[in-house]
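Undergrad: Have a look at this prediction, sequence included:
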Amino acid sequence: MLRLRGGPQNLPASWQLMVLLITAYLAQNLISGEHLEDDNAVAKSILAMSLQVFVLVSLLYWRGHTQRFVQTLSALAGVGVIFNTLVWAMLTQSDPTSNQPLLVLTWFTVFIWSLFVDAHIYRSSLSVTLPTGMLITVLTLAAGYILLEMLF
């Protein structure tokens, strides 16, 4: 999936795997939040995940592909863990007192890559085009950002 080749259909339809990946994703966000001294990290992570689940369930229902829920959420959480790990590694290298253009460029590249991977997952799960998958990805990201800014 990271190379935009395989899709969520290549994952087993396992509730246990999905719960494990979601737990890892939320734990990673909690650890990052504590490192950044964010007192609301748990609430923000749960809210963001809940929004993503709501959007996914709604779109899968609308498209008539509800049977793809477990694999799709597993895929989104799994790639989320991978991208969070990459961002965490970059965060540990950052120095707020110095100019680090290469680090910023690398972070931006990982961010764009993550958007394409999520769009590819939505494309595969919903049987839509990649631009439609990208639109869903960006709108979900924007809605999450707005919701978190309003509440926190």
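TA: Looks like it came in fine.

Undergrad: so where do the helices sit in this structure?
TA: Secondary structure of the chain (DSSP state H): helices located at 15-35, 41-63, 69-93, 101-126, 130-151.

Undergrad: so where is this protein shaky, pLDDT-wise?
TA: The chain contains no residues with pLDDT under 70.

Undergrad: Tell me the spatial nearest neighbour of the most centrally placed residue in it, not counting adjacent residues.
TA: In the chain, the centroid-proximal residue (CA atoms, centre = their mean) is residue 80; its distance is 4.3 Å. Of all residues not flanking residue 80 in the chain, residue 25 sits nearest, at 4.9 Å (CB to CB, 6 or more residues apart in numbering). C-beta: built from backbone N, CA, C; applies to glycine.

Undergrad: For the one you found, list the residues it contacts.
TA: For residue 25, the contact set (CB atoms under 8 Å, 6 or more residues apart in numbering) comprises 45, 49, 77, 80-81, 84.

Undergrad: Buried members of those residues into ChimeraX, please.
TA: ChimeraX command restricting the contacts of residue 25 to the buried ones, with burial defined by 16 or more other CB atoms under 10 Å:
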select :45,49,77,80,81,84
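
Undergrad: With distance to residue 94 as extra columns, can I get the contacts of residue 25 in TSV?
TA: Below are the contacts of residue 25 laid out as TSV (distance: CB to CB, whole Å):
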residue	distance to residue 94
45	21
49	25
77	25
80	20
81	20
84	15
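
Undergrad: how near is residue 103 to residue 28?
TA: Separation of residue 103 from residue 28 (CB to CB, to the nearest Å): 20 Å.
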